[in-house]
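**Q** okay, sequence plus prediction incoming.
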Amino acid sequence: MHNLCNDFDCTEHSVSLMDEFGVRKVILMNPPSGTVGKRNKEAESIVQEAFEYRPDRFFLGVGGGLLSPMIQNGPDSMPTTDEEYEELLDPFDQTVEELLESGQVVAFGETLALHLSMEPGHGYAVKPANSPLFLRLAELAAQHNIPIDIHIDVVKEKMETPEFFMNCDHSVNPDYSCNPPFLEENIIAFEALLAHDRAAKIVLAHVGRDTTGHMTPELIDRLLTEHPNLYISLSPAPGPIFSINAILSKGDLIAHSDWVDLLKIFPERAVIGTDTFLSEEETAGRAFSMAKKFLQQLPEDLAYQIGCINPVTIYQLPSGC
């Protein structure tokens, strides 16, 4: 769950929504930023303040505001000399250590490998998941036993960008990039990240909210089968192009049986993600409502596993169900 609150009344409003829908706790983290600037540190501070204000309801995720832009602005491939590599890693490692100083961090994220712009003012960003700083974050994640949450609009093979996403308007926010006319394959690089350090737990965000037509249960089945350190964060909401691969059907919000069957095969590898914001708007309420509706359609033991047990074990949370 992301944070837009900048006052405690806003945070309390979100807590009241959690109470309404039976949500005991959430992991709070920044959305992935693609640009470096002073606002990034401020964004991390706001999340930290919300966590410190209500540690009884929130867990702390870090890096969306600081690590993500460092990854985005880093090189796509390994530097040619050891000196260049050390110069690249030193500030990144230092930032990670500073973010971990509280000793209460449970997740690195949200990071991004491909983030499509869904509306004017919503930014496009891309970085190979096997770029040097992504690989370094995997090493640090393994060292500290802290999972990485990663956003990837998956592309199995080069494709034309869906018409829905060709809506760029620089007048809304000239700092954001537009979606390109074609999207490049990104699964090979993602699998390289997964294989780089098997002790690093990687959580693929927004599974079940398809954006490209490639986020199929078959693809996720293969990735989970071949990569034991991969986990998925389910996004029980129809995708923006209402793909048949969405985990819930448009309108009646019925869970598709192929996704439910997949979860029965991998019951210990999934958690629920809201993909929404702490704010005074009602978007969080809608996200909680759809998550609850989805869990209610699962067998009771599977819903309990995904909604309660898995977050504790995957993220090593200090409190149980």
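**A** It's in.
**Q** need the next SSE after the helix or strand containing T111, C-terminal direction.
**A** Using DSSP states H and E, T111 sits within strand 105-115. Toward the C-terminal end, the helix or strand that comes next after strand 105-115 (DSSP H and E) is strand 125-126.
**Q** after that following strand comes which helix or strand?
**A** Next in sequence after strand 125-126, counting helices and strands by DSSP H and E, comes helix 132-144.
**Q** buried residues, that following helix. List them.
**A** By neighbour count on 16 or more other Cβ atoms under 10 Å, the buried set for helix 132-144 is P132, L133, F134, L135, R136, L137, A138, L140, A141, A142. C-betas here are computed from N, CA, C, even on glycine.
**Q** let me see the mean pLDDT of it.
**A** Helix 132-144 comes out with an average pLDDT of 98.
**Q** output the contacting helices and strands for it.
**A** helix 67-72, helix 82-99, strand 105-115, strand 148-152, helix 187-196 (3 or more Cβ pairs under 8 Å, 6 or more residues apart in numbering; DSSP states H and E).
**Q** quick one: the helices in the stretch 201-321 of the chain?
**A** 217-226, 257-265, 283-296, 300-304, 310-314 (DSSP state H, counting those that start in this stretch).
**Q** tell me the pLDDT at V36?
**A** pLDDT recorded at V36 is 59.
**Q** over to N40?
**A** Here, the pLDDT recorded for N40 equals 73.
**Q** neighbours around it, how many?
**A** 19 (other Cβ atoms under 10 Å).
**Q** state the distance from the spatially closest residue to it that is not a sequence neighbour to T212.
**A** What sits nearest to N40 in space, not counting adjacent residues and going by Cβ to Cβ, 6 or more residues apart in numbering, is G65, at 4.3 Å. Noted for G65: a distance of 26 Å to T212, by Cβ to Cβ, to the nearest Å.
**Q** next SSE downstream of the helix or strand of the chain with the lowest mean pLDDT?
**A** Sorting the helices and strands of the chain by mean pLDDT, DSSP states H and E puts strand 2-3 at the bottom, at a mean of 60. Counting by DSSP H and E, the element after strand 2-3 in chain order, helix or strand, is helix 8-20.
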